[in-house]
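A.B. asks: Structure for this input, please:
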Amino acid sequence: MQVPRFPVDAPQQRVLRAFAQLGFVVVRHREHISLMRERPGGGRDTLTIPNHPRISSGTLRAACSQGNIPRDAFIDAYERS
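C.D. replies: The predicted structure follows:
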């Protein structure tokens, strides 16, 4: 089975919709976009992406690591957005 790949040069709005499906909300929108979600057991996951029209696959990979998001969960949410 082939490992799913992160999208290359993904549109920013589609990326934000995917993160929203995973429970993240935008808490700051300036040069960078900061997102946060509350964990059910307490605590928070946060991530930051650049405020660019398109987001590279390497940046998405780093943001998912920063926000404790499994690769498959993000790719599923991205495909549904």
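
A.B. asks: excluding its backbone neighbours, what's nearest the residue positioned nearest the centre of the chain?
C.D. replies: The C-alpha lying nearest the average C-alpha coordinate of the chain belongs to Phe19 (Cα atoms, centre = their mean; 4.5 Å). Distance criterion Cβ to Cβ, 6 or more residues apart in numbering; nearest residue to Phe19, sequence neighbours excluded, is Leu35 at 5.5 Å. The way it works is simple: take the backbone N, C-alpha and C, and place the C-beta from them, glycine included.

A.B. asks: Could you say whether that neighbour sits in a helix, a strand or coil?
C.D. replies: strand (DSSP: H, G, I helix; E, B strand; the rest coil).

A.B. asks: burial of it, as a residue count?
C.D. replies: Using other Cβ atoms under 10 Å, Leu35 has 23 neighbouring residues.

A.B. asks: and if you look at the one 5 residues further on?
C.D. replies: Each residue near Pro40 was counted by other Cβ under 10 Å, and the total is 7.

A.B. asks: in what helix or strand does it lie?
C.D. replies: Assigned by DSSP states H and E, Pro40 belongs to no helix or strand.

A.B. asks: Next one: it relative to Gly23, how far apart?
C.D. replies: The gap separating Pro40 from Gly23 is 10 Å, by Cβ to Cβ, to the nearest Å.

A.B. asks: what about Ser29, neighbour count?
C.D. replies: Let me fix one detail, which is that residue 29 is His and not Ser. 11.

A.B. asks: Ignore what I typed, I meant Ser57.
C.D. replies: 13.

A.B. asks: Look up the closest residue to it, ignoring the ones flanking it.
C.D. replies: Nearest one to Ser57, counting by Cβ to Cβ, 6+ apart, is Phe6 at 4.0 Å.

A.B. asks: okay, the one you found: pLDDT?
C.D. replies: Phe6 is assigned 89 on the pLDDT scale.

A.B. asks: for Met1, same thing?
C.D. replies: Met1 is given a pLDDT of 65.

A.B. asks: Over to Gly41?
C.D. replies: 89.

A.B. asks: distance of Gln13 from Pro53?
C.D. replies: Taken as Cβ to Cβ, the span from Gln13 to Pro53 is 9 Å.
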